[in-house]
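1. No letters, just coordinates:
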């Protein structure tokens with residue numbers, strides 16, 4: 001999609017740029033998480049359906065990412081996507097695969113996520129890094 005896409009232009013007018021950027025971050029994290037899960041399942045089961053799902057997720061992710069950059073800053077969208085993805089991956093590992101992180105790793109993760117969240121909010125609030 002080009003920046004002049006009528007659908008995206010209407011979405012920006014209706015939602016506003018900050019809401020559209022947030023929606024893009026959530027969509028990117030969800031697609032990336034689903035693609036990562038599909039890759040893990042493909043590795044474990046060798047089911048071709050998982051591979052197709054993963055490739056499809058990452059293809060759609062590319063389209064969403066490129067479309068979102070027409071209306072939001074690269075740094076804001078990318079950092080928000082990464083923060084949400086990291087949280088999703090930790091939750092997925094804990095819930096689905098039974099991975100337990102030691103307390104010191106959880107503290108380190110919390111510090112990193114807070115720092116990344118600060119960067120996203122600071123960048124989106126001022127308009128520049």
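-> On my side now, so go ahead. Keep in mind the model is a prediction, meaning the values are calculated, not measured.
2. and the residue most central in space within the chain, what helix or strand is that in?
-> Closest to where the C-alpha atoms of the chain average out (C-alpha atoms, centre = their mean) is residue 29, at 2.1 Å. For residue 29, the element it lies in under DSSP states H and E is helix 17-45.
3. Determine the angle, from 0 to 180 degrees, between the helix or strand that that helix is followed by and helix 17-45.
-> Per DSSP H and E, the first helix or strand lying C-terminal to helix 17-45 is helix 48-68. If you take axes from the mean of the first three to the mean of the last three C-alpha atoms, to 10 degrees, helix 48-68 sits at 160 degrees to helix 17-45.
4. Can you give the distance from whichever helix or strand comes after helix 48-68 to the centre of its chain?
-> Once the chain leaves helix 48-68, the next helix or strand it forms, by DSSP H and E, is helix 74-97. Its chain's C-alpha centre lies 6 Å from the corresponding centre of helix 74-97 when counted by C-alpha atoms, centre = their mean, to the nearest Å.
5. Now do the buried residues in helix 74-97.
-> By 16 or more other C-beta atoms under 10 Å, the buried positions in helix 74-97 come out as 76-86, 88-90, 92. (Glycine included, C-beta is placed from N, CA and C.)
6. Residue 21: what's it in contact with?
-> 68, 71, 72, 73, 76, 77, 80, 124 (C-beta atoms under 8 Å, 6 or more residues apart in numbering).
7. cool, residue 86 as well?
-> 109, 112, 113, 116.
8. Could you rerun that using 7 Å?
-> When contacts are counted by C-beta atoms under 7 Å, 6 or more residues apart in numbering, residue 86 touches residue 113.
9. do the same with residue 39
-> residue 54.
10. just to revisit the earlier point, just checking, the residue nearest to the centre of the chain touches residue 85?
-> Yes - judged on C-beta atoms under 7 Å, residue 29 makes contact with residue 85 at a distance of 4.5 Å.
11. for the helix holding residue 29, the distance to its chain's centre please.
-> With C-alpha atoms, centre = their mean, you get 5 Å for helix 17-45.
12. now that helix against helix 74-97, angle please.
-> Using the same axes, to 10 degrees: helix 17-45 against helix 74-97 is 40 degrees.
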